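Q: I need the structure of the sequence given here:
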Amino acid sequence: MGAITEPFGAMLCRLRQRAGLTQEQLAERAKISVKAISALERGERRHPYRPTVRALATALQLSTEERTTLEGAVPRRNQRLPGRALKDLPRARSEVILGGQVWNVPARSPLFTGREDLLEEMRESLRSGGTTVVQALHGMGGIGKTALTIEYAHRYGANYDMVWWIPAEQPALVAHRLAELAHALGAAAITDPVTVAMARLWGMLREQDRWLLIFDNAEDPAALAEYLPGGGGHVVITSRNSDWWELGTPVGVGVFDRGESIALLRCRAPQLTEGEAGQIAHVLGDLPLALTQAAAHLADAPTSVQDYLTMLAERTAELLADEVSATYPVSLTASVQIALDRLAAQCPAALQLLTLAAYLAPEPIPWTLFTLHPAPLPEPLGTVAADPLAFSALIRLIRQYGLAGVEPSTLVMHRLLAAIVRTQPHSSHNLAIRVVRVLRAALPTDNPRHDPSVWPVWRSLLPHVLVATDPRRILTGVEEDVAWLLHHAAEYLWIRTENVLARPLVERAQDLRRSLWGKDHPDTLDSAAVLAAVLWGSGHHEWAHRIGEDTLTRCRQTLGNDHPNTLFSAVLFAGTLWTLGQYELARELSEDTLTRCRQTLGNDHPITLISAVVFAGTLWTLGQHELARELSEDTLTRCRQTLGNEEAVTLHSATVFAGTLWTLGQHELGRELSEDTLTRSCEILGNDHPITLLSAAILASDLGALGQQERVHELSEDTLTRCRQILGNDDFNSLCSVRSVAAVLAIVHARDPARRREE
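A: This next block holds a predicted model:
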């Protein structure tokens, strides 16, 4: 075989394109991250690991010759660096000599999986040259920092004359570990004091550049600073703490990607299918130590996947308490327990905050949830949260212990760590109750359907509301707060058109409020109105009609005709009437409601805008096209100004306006609007949402009028199929689509006899 001149990255890109694969598709086939493939093709990763190259070759279905060529395009990885060598130095302890090296690194794990990007990043960074290069790998316990470093040492060990592993959890013992290295190198005698041995070691290392020191599980940068030598060698630190900027380059180590998780599980427990391994990986949050423990359990015990997942849900800490391997000598439960005990002794308030976080979702938690609302917090956390300086110190401490991901404005706790924290003796259902009260205090009192300015707050806190109000939790004494959270969360989800998620929440809210105050209480009626809205939005029109009619009657009797809740109920009931084909009743009710909304709430209130959309729709349906066009155009302008272009109400308004343009023969203008609306609806609401389907039907009609028959045929057939499958044959949108398709097919038949015979 001649010399290979094509770079590996260029060759990989060419072969991938020849196979007709995207980077994402190749990543899925090879079980390698998309980021890694992108970096390889761009030439940012020049030395892919041999198993990676083989996996790529298999995924690309290369011939034997092509495999050889691809492997040959990889530059040699282990080129020795220039510099003075340690290999000829006298050594006092021959038992630590390995292949001519001074070496005491633990054995590598045969189960090591993935991490190609990190390993390549470490190698490139450490080879950057200059004075001693320090990299600090940081992350939560069980993330695989130690295993990653062991793999690095073994993989690139041939580039060093000395690699020395130093357990650094106890700073007082680090000097003794370094003195042992001085003895191994012959730089100091056994009888020399530790300080003398270290001084001689530093002098030796300053003159060399082919050495690697690994400080494993260091905690305090200040305590380790005095033990970092000069010279041209390399230093790797593993730590839970991320504050290593002054000493080196911090490198965050995260959880596995899903492909790496599946590979690890199936390597140790080969009986698992890919789907089963993926299910386990999802529940374990792709945490390497937990995956290793799960693989060991499933490989060694006669436990089905479902039984394991059940035990994991019910007995998390107990199941993850077993020690599993030399690579992970401490179980996940034990690792978390050690850190929690130390944190409790150093800062009880920090432990309280983490425990509260354990009752929230494994999503970013804003620090402001605690600092802006300290009153419901337990002491001493409440006092600390109210003091910016004290709270900053608390954040630094949490970052140091690596029990949560700490960002400038948020923290995130891994779901398994949260489950273990909830089993601690200091944890109780009282903390779950406190979390409910904290969220109630943090969320705006304004109704989401009335005030779009509160939507960003709901967007950030919604995952935590859903977890905090889990029906499996004991939340005695805060039923009113739970009902409030459930109701307003359902409202926000309805606004976002996520009706499937909203329905069980508002049903629970209505049940709680009915049991607390009765069925005619304003809050109970409000929940009933939202339930009707959710049912209407999810296609349960008859059900929504029954609940909406009853709710509107009760609201009028209890609250009066002009109360905001009554107006909201009236808008929704008019919408159900329109959807069910009762157009004249819908027109009368929506016209009256719109007038009252404008007088009571103002022209630009969200409920007024919804009312205007419904009224414009009824006018359009009843043939009053010019009035419908004027109202829908004005409403669309107001929606865009008040709510933005991406909200469901705006998209619905745009669809109605486009429909009026179509009926008035303004097809080019209508086509432009429908194209934009359909694109936005597909992205925001989904292909099968009623607004999306109606928009598609109107666009098809405009395209037909403009003579674009091929596109019309495809769009109309697809829309009609979706309407019938999702909404039923009698739905208004289906009828619109039927009319559109009939017109289009008539034109196609007339112009193309061959197509007519096919159909």
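Q: next one: the strand or helix carrying residue 251 to chain centre, how far?
A: In this structure, residue 251 sits in strand 249-252 according to DSSP states H and E. From the chain centre to the centre of strand 249-252 is a distance of 22 Å (C-alpha atoms, centre = their mean, to the nearest Å).
Q: so that it lines up with my notes, have the first residue be 31 from now on.
A: With the count now opening at 31, the last piece we talked about shows up as strand 279-282.
Q: by contact count, what packs against that strand?
A: In this structure, strand 279-282 makes packing contacts with helix 146-156, strand 163-168, judged by 3 or more C-beta pairs under 8 Å, 6 or more residues apart in numbering; DSSP states H and E. Using the backbone N, CA and C atoms, a C-beta is placed for each residue, glycine as well.
Q: taking helix 146-156 as reference, get the angle to the shortest one.
A: It refers to strand 163-168. Counting by axes from the mean of the first three to the mean of the last three C-alpha atoms, to 10 degrees, strand 163-168 lies at 150 degrees to helix 146-156.
Q: in the protein, where's the longest strand?
A: As assigned by DSSP state E, the longest strand anywhere in the chain is strand 241-248.
Q: for that strand, give the mean pLDDT please.
A: Average pLDDT, strand 241-248: 94.
Q: any stretches of the stretch 331-480 of the chain with poor pLDDT?
A: Applying pLDDT under 70 to the stretch 331-480 of the chain flags residues 353-359, 456-459.
Q: so which residues of it form helices?
A: 335-344, 346-349, 362-376, 378-387, 398-401, 411-415, 418-431, 445-451, 459-472 (DSSP state H, counting those that start in this stretch).
Q: just put the ones you listed in JSON lines and tack on mean neighbour count and distance to residue 512.
A: Shown next, in JSON lines, are these (neighbours: other C-beta atoms under 10 Å; distance: least, C-beta to C-beta, whole Å):
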{"stretch": "helix 335-344", "mean neighbour count": "14", "distance to residue 512": "22"}
{"stretch": "helix 346-349", "mean neighbour count": "19", "distance to residue 512": "24"}
{"stretch": "helix 362-376", "mean neighbour count": "18", "distance to residue 512": "28"}
{"stretch": "helix 378-387", "mean neighbour count": "23", "distance to residue 512": "17"}
{"stretch": "helix 398-401", "mean neighbour count": "20", "distance to residue 512": "17"}
{"stretch": "helix 411-415", "mean neighbour count": "20", "distance to residue 512": "22"}
{"stretch": "helix 418-431", "mean neighbour count": "17", "distance to residue 512": "28"}
{"stretch": "helix 445-451", "mean neighbour count": "24", "distance to residue 512": "20"}
{"stretch": "helix 459-472", "mean neighbour count": "19", "distance to residue 512": "6"}
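Q: in CSV, list these along with distance to residue 215.
A: What follows is those, written out as CSV (distance: least, C-beta to C-beta, whole Å):
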stretch, distance to residue 215
helix 335-344, 48
helix 346-349, 44
helix 362-376, 33
helix 378-387, 42
helix 398-401, 51
helix 411-415, 48
helix 418-431, 33
helix 445-451, 41
helix 459-472, 53
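Q: out of the ones you listed, nearest to residue 249?
A: For those, distance to residue 249 was read as C-beta to C-beta. The smallest value, 6.6 Å, belongs to helix 418-431.
Q: can you check the pLDDT for the closest residue to residue 690 other than its chain neighbours?
A: Sequence neighbours aside, residue 659 is the residue nearest to residue 690 in space, at 3.9 Å (criterion: C-beta to C-beta, 6 or more residues apart in numbering). For residue 659, the pLDDT comes out at 93.
Q: who's sitting farthest from the centroid in this structure?
A: residue 221 (56.4 Å; C-alpha atoms, centre = their mean).
Q: could you pull up the contacting residues of that residue?
A: Contacts for residue 221 (C-beta atoms under 8 Å, 6 or more residues apart in numbering) come out as none.
Q: what's the answer for residue 613, then?
A: 607, 648, 651, 652.
Q: type out the PyMOL command that picks the buried ones from the residues you listed.
A: Of the contacts of residue 613, the buried ones can be selected in PyMOL as follows, counting by 16 or more other C-beta atoms under 10 Å:
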select buried, resi 607+648+651
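Q: end to end, how far does stretch 623-639 reach?
A: 11 Å (C-alpha to C-alpha, to the nearest Å).
Q: any residues touching it, and which ones?
A: 479-482, 591-592, 594, 597-598, 600-601, 604, 641-642, 645, 665, 668-669, 671-673, 679, 683.
Q: if you count neighbours, what's buried in that stretch?
A: Neighbour-count burial for stretch 623-639 flags 623, 624, 626, 627, 630, 631, 635, 636, 637, 638, 639 (criterion: 16+ other C-beta under 10 Å).
Q: name the nearest of the residues you listed relative to residue 510.
A: Using C-beta to C-beta, residue 637 is the member of the buried residues of stretch 623-639 that lies nearest residue 510, at 24.7 Å.
Q: mind telling me what element the closest one is part of?
A: According to DSSP H and E, residue 637 maps onto helix 636-651.
Q: just residue 46 next, same as before
A: Counting by DSSP H and E, residue 46 is part of helix 38-48.
Q: what's the mean pLDDT across that helix?
A: The average pLDDT within helix 38-48 is 86.
Q: please report how far the residue farthest from the centre of the chain lies from residue 209.
A: Residue 221 sits 11 Å away from residue 209, going by C-beta to C-beta, to the nearest Å.
Q: what's the answer for residue 505, then?
A: Residue 505 is 58 Å from residue 209, by C-beta to C-beta.
Q: looking at those two, which is more packed in?
A: It is residue 209, of residue 505 and residue 209, that has more neighbours when counted by other C-beta atoms under 10 Å, with 22 against 18.
Q: for the more buried one, report the pLDDT, please.
A: Looking at residue 209, the pLDDT reads 93.
Q: doesn't residue 227 make contact with it?
A: Yes: using C-beta atoms under 8 Å, residue 209 makes contact with residue 227 at a distance of 3.9 Å.
Q: what do the two both touch?
A: Here residue 209 and residue 227 have residue 218 as joint contacts, going by C-beta under 8 Å, 6+ apart.
Q: relative to residue 616, how far out is residue 184?
A: For residue 184, the distance to residue 616 (C-beta to C-beta) stands at 73 Å.
Q: who has more neighbours out of those two?
A: Per other C-beta under 10 Å, whichever of residue 184 and residue 616 has more neighbours is residue 616, with 24 against 17.
Q: in which helix or strand does the more buried one reside?
A: helix 613-630.
Q: what mean pLDDT does that helix get?
A: For helix 613-630, the per-residue pLDDT averages 94.
Q: next one: that helix to chain centre, how far?
A: 42 Å.
Q: and the angle from that helix to helix 636-651?
A: Using the same axes, to 10 degrees: helix 613-630 against helix 636-651 is 150 degrees.
Q: show the pLDDT at residue 99.
A: Looking at residue 99, its pLDDT reads 85.
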